[in-house]
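1. need a 3D model of the sequence below.
(chains A and B)
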Amino acid sequence: MSSAPRFRFAPSPTGFFHVGGARTALYNWALAKRLGGTFVLRIEDTDEARNQPEWTQGIIDALAWIGVRQDDPTFQGPYFQSQYAEAHVEAAQRLFAEGKAYYCDLTSEQIQERSKTNGKQGYDGYSRDRGLEAGPGRVLRFRVPEGQTIVNDLVRGRVEFANETIEDFVLLRGNGSPMFLLANVVDDITMRVSHVVRAEEHLPNTPKQQMIWDALGQTPPVWAHVPVLVNEQRKKLSKRRDKVALEQFRDEGYLPEAMINYLMTLGWAPQGETEIVPWSTIERDFKLEDVNHSPAFFDLKKLAAFNGEYIRAMSTDEFFEAAQPFLVGENIPWTPAQFDEAKFRAMAPLAQTRLVLMTELPMLVDFLFLDEPLIDEDSWNKTFGSTDGVEMLNDAIAALSTGLDWNHDSLKLCIEATGAARGLKLGKAQAPIRVAVTGRTIGPPLFEALELMGEEQVMKRLRAAAERLASA
RNA sequence: GCCCCCAUCGUCUAGUGGCCUAGGACACCACCCUUUCAAGGUGGCGGCACGGGUUCGAAUCCCGUUGGGGGUGCCA
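-> Below is the predicted model:
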């Protein structure tokens, strides 16, 4: 094969972008990039009942999010399978003319009936030699030849299929429209696809498709079937019961770099001791021959760990930029007018190490912008359920009202001393202040936050908490 | 049922006949650090599914068993 390889990714637009599809796309993309080839995007929209045009943009956007960008010269498409229907039918007719396919008028009920009586599973080739012409309700079936079909797969090796185990499958439906097996092959031929890299669930289709390639007088492509992604029950990830929409991960605050890196490690591992590697390394080292053979569990916990790593690895400026989309919107407790960019910028580095998802960011900094903290009742009850907590708060108010320098060092010393007077360590002593000011027992470093908020705001909140306790 | 694929810690993997007393990562546990929570550091737990071969030597090669998975549509 002397010319540059042509890879393809051929999703059907069914609503959202599946993480399994994302990984397959990434594999194809990495290879196309490294080998100086082409990545063809083809939308398989022939199942009219299930397709919606707007899903196509969703696919393009999702691909762009994981770095498979339409404006990259490696990228070609999208093509739409529905627009090649004529070529599919033409190819089918050629096969019919050459006796490599034949028409059959049996309904699926009749086929079932026959298999019951003759004991054979599936279609038995009933119409093979009946010499039927095309007609309404008649399907065109491929005449599976004798012998065996050998699929040479880059990740599986040599896979043999006895042709007698493959029934004469349908090429054209009764209404004349092409089926997936045919359309897929004809398009691959048309688009000069040289490498078909797809999920393992397609392996049983491969001998059939290879026979179509052969029958059409074409050299089959290089096949590679990569393991499927599974859930905790070891079943193929399904949209019904599993969380698989790439868009959802994006919206929940997963970084694309983390998602890309994680997806690539499912079935493959970069050299060396670390799995966290930049795309450039992946692109340079990824090979199909190194892909694992067994299904991989899509582990949310590990994905989350990757995401945390990637968040922490950002520079302060990068983090600030990445945070922007997560600081506005309907789930944000503060109004745009309340937001204070300077305060956020000061707090951002302290929040950065405390995040797994970007969507967790607001609850770490919301108290900076709100007029009053959002009180978490559990935190409140836990902290002020004891007299220690209540008295510590009152002591702190007194101690902080003595005109100390309002910076985190002296604030810390002050609270430390106040707590010590009551026999409390700093960890215990700071809790009532934290809850009164931020509303929660956990959050970013307290004294830095107090400094940032300013004396007036802090004292106001401490007194408000004391009043609430007094009136309770 | 039939066809096909797969099998290393709980999970993702490294390993391509001797460097393996099986390495790393996630998760989990303990300790350290500590301003809560994280992060970070140190250590720990834990695996070659089983049985036969081949070989001086097997996680690695072969066969079988068992166990998982995928496919079996006039879906893609």
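2. where does A:Glu273 land in three-state SS?
-> Under the three-state scheme (DSSP: H, G, I helix; E, B strand; the rest coil), A:Glu273 adopts coil.
3. that one: how many residues sit nearby?
-> Look at A:Glu273: counted by other C-beta atoms under 10 Å, it has 5 neighbours. From N, CA and C alone the C-beta is placed, and that goes for glycine too.
4. going by residue numbers, what spans are strands in the stretch 201-350 of chain A?
-> Along the stretch 201-350 of chain A, the segments classed as strands by DSSP state E, counting those that start in this stretch run A:222-226, A:229-230, A:296-297.
5. RNA strand B: which of the ones you listed is closest?
-> The closest of these to RNA strand B is strand A:296-297. By C-beta to the nearest atom of the strand, the value is 3.4 Å.
6. quick one: that closest one near RNA strand B?
-> Yes - judged by C-beta under 7 Å from any atom of the strand, strand A:296-297 and RNA strand B are in contact via A:Ala296, A:Phe297.
7. partner strands of that strand and their direction?
-> Under the criterion DSSP bridges, strand A:296-297 sits next to strand A:229-230 (parallel) in its sheet.
8. show residues contacting the strand it pairs with.
-> A:Val19, A:Gly20, A:Arg23, A:Lys236, A:Leu237, A:Leu266, A:Pro295, A:Ala296, A:Phe297, A:Phe298 (C-beta atoms under 8 Å, 6 or more residues apart in numbering).
9. how about stretch A:332-339?
-> With C-beta under 8 Å, 6+ apart as the criterion, stretch A:332-339 contacts A:Leu327, A:Val328, A:Pro362, A:Asp366, A:Phe369, A:Leu370, A:Asp371, A:Leu374.
10. and the end-to-end length of it?
-> Distance across stretch A:332-339, first residue to last, is 10 Å (C-alpha to C-alpha, to the nearest Å).
11. tell me which residues of it are tucked away?
-> Of the residues in stretch A:332-339, A:Ile332, A:Trp334 count as buried by neighbour count, 16 or more other C-beta atoms under 10 Å.
12. may I see the buried residues of the lowest-mean-pLDDT helix or strand in chain A?
-> The helix or strand of chain A with the poorest confidence is helix A:108-118; it has a mean of 86 (mean pLDDT, DSSP states H and E). Using 16+ other C-beta under 10 Å as the test for burial, helix A:108-118 gives A:Ile111, A:Arg114.
13. quick one: stretch A:465-472 to chain centroid distance?
-> 48 Å (C-alpha atoms, centre = their mean, to the nearest Å).
14. average pLDDT across that stretch?
-> For stretch A:465-472, mean pLDDT is 90.
15. picking that back up, now the two most distant members of the contacts of stretch A:332-339.
-> A:Val328 and A:Asp371 (18.6 Å; C-beta to C-beta).
16. helices of the stretch 151-300 of chain A, start to end?
-> A:180-190, A:206-215, A:246-251, A:256-264, A:279-285, A:300-313 (DSSP state H, counting those that start in this stretch).
17. before we move on, back to that, who's more crowded, A:Val328 and A:Asp371?
-> Comparing A:Val328 with A:Asp371 by other C-beta under 10 Å, the one with more neighbours is A:Val328, at 12 against 9.
18. any idea how far RNA strand B is from that one?
-> Between A:Val328 and RNA strand B the distance is 24 Å, computed by C-beta to the nearest atom of the strand, to the nearest Å.
19. next up, the contacts around that residue.
-> A:Pro336.
20. would you turn the contacts of stretch A:332-339 into a markdown table with secondary structure and pLDDT?
-> Shown next, in a markdown table, are the contacts of stretch A:332-339 (DSSP: H, G, I helix; E, B strand; the rest coil; pLDDT from 0 to 100):
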| residue | secondary structure | pLDDT |
| --- | --- | --- |
| A:Leu327 | coil | 96 |
| A:Val328 | coil | 94 |
| A:Pro362 | helix | 97 |
| A:Asp366 | helix | 97 |
| A:Phe369 | coil | 97 |
| A:Leu370 | coil | 95 |
| A:Asp371 | coil | 94 |
| A:Leu374 | coil | 96 |
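21. so which bits of the stretch 301-450 of chain A are right by RNA strand B?
-> So far as C-beta under 7 Å from any atom of the strand goes, the stretch 301-450 of chain A lies against RNA strand B at A:301-302, A:304-305, A:308-309, A:312, A:353-354, A:408, A:412, A:426-427, A:430-431, A:434, A:441-448.
22. quick check: which ranges of chain A have low pLDDT?
-> Within chain A, the set of residues satisfying pLDDT under 70 comprises A:1-2, A:47-52.
23. point me to the residue sitting farthest from the middle of it.
-> The centre of chain A is farthest from one residue, A:Thr402, which by C-alpha atoms, centre = their mean lies 54.4 Å away.
24. wait, does stretch A:206-224 contact RNA strand B?
-> No - Stretch A:206-224 does not reach RNA strand B (C-beta under 7 Å from any atom of the strand); its nearest approach is 8.0 Å.
25. kindly report the same for stretch A:281-294.
-> Yes - applying C-beta under 7 Å from any atom of the strand, one finds stretch A:281-294 in contact with RNA strand B at A:Glu289, A:Asp290, A:Asn292, A:His293, A:Ser294.
26. now do that stretch: distance to the chain's middle.
-> In terms of C-alpha atoms, centre = their mean, the gap separating the centre of stretch A:281-294 from the centre of its chain is 19 Å.
27. next, the buried residues of that stretch.
-> For stretch A:281-294, the neighbour count (16+ other C-beta under 10 Å) marks A:Ile282, A:Glu283, A:Asp285, A:Phe286, A:Leu288, A:Val291 as buried.
28. and which of these is nearest to RNA strand B?
-> Of the buried residues of stretch A:281-294, the one sitting nearest to RNA strand B (C-beta to the nearest atom of the strand) turns out to be A:Val291, at 7.8 Å.
29. can you tell me the closest non-neighbouring residue to that closest one?
-> Leaving out its chain neighbours, the residue that sits closest to A:Val291 by C-beta to C-beta, 6 or more residues apart in numbering is A:Val155, at 4.8 Å.
30. let's have the contacts of strand A:229-230 in TSV, adding neighbour count.
-> Shown next, in TSV, are the contacts of strand A:229-230 (neighbours: other C-beta atoms under 10 Å):
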residue	neighbour count
A:Val19	24
A:Gly20	24
A:Arg23	27
A:Lys236	15
A:Leu237	18
A:Leu266	25
A:Pro295	18
A:Ala296	18
A:Phe297	14
A:Phe298	22
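31. Serialize these to CSV and add fields for distance to A:Gly125.
-> Below are these laid out as CSV (distance: C-beta to C-beta, whole Å):
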residue, distance to A:Gly125
A:Val19, 40
A:Gly20, 35
A:Arg23, 38
A:Lys236, 31
A:Leu237, 36
A:Leu266, 41
A:Pro295, 34
A:Ala296, 39
A:Phe297, 41
A:Phe298, 41
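32. now a PyMOL select for only the buried ones of the contacts of stretch A:332-339.
-> Burial among the contacts of stretch A:332-339 is assessed by 16+ other C-beta under 10 Å; the matching PyMOL selection reads:
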select buried, chain A and resi 327+362+366+369
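33. list the contacts of the spatially closest residue to A:Pro445 that is not a sequence neighbour.
-> The spatially closest residue to A:Pro445, leaving aside those adjacent along the chain, is A:Leu350, at 5.6 Å (C-beta to C-beta, 6+ apart). A:Leu350 makes contacts with A:Pro444, A:Pro445, A:Glu448, A:Ala449, as judged by C-beta under 8 Å, 6+ apart.
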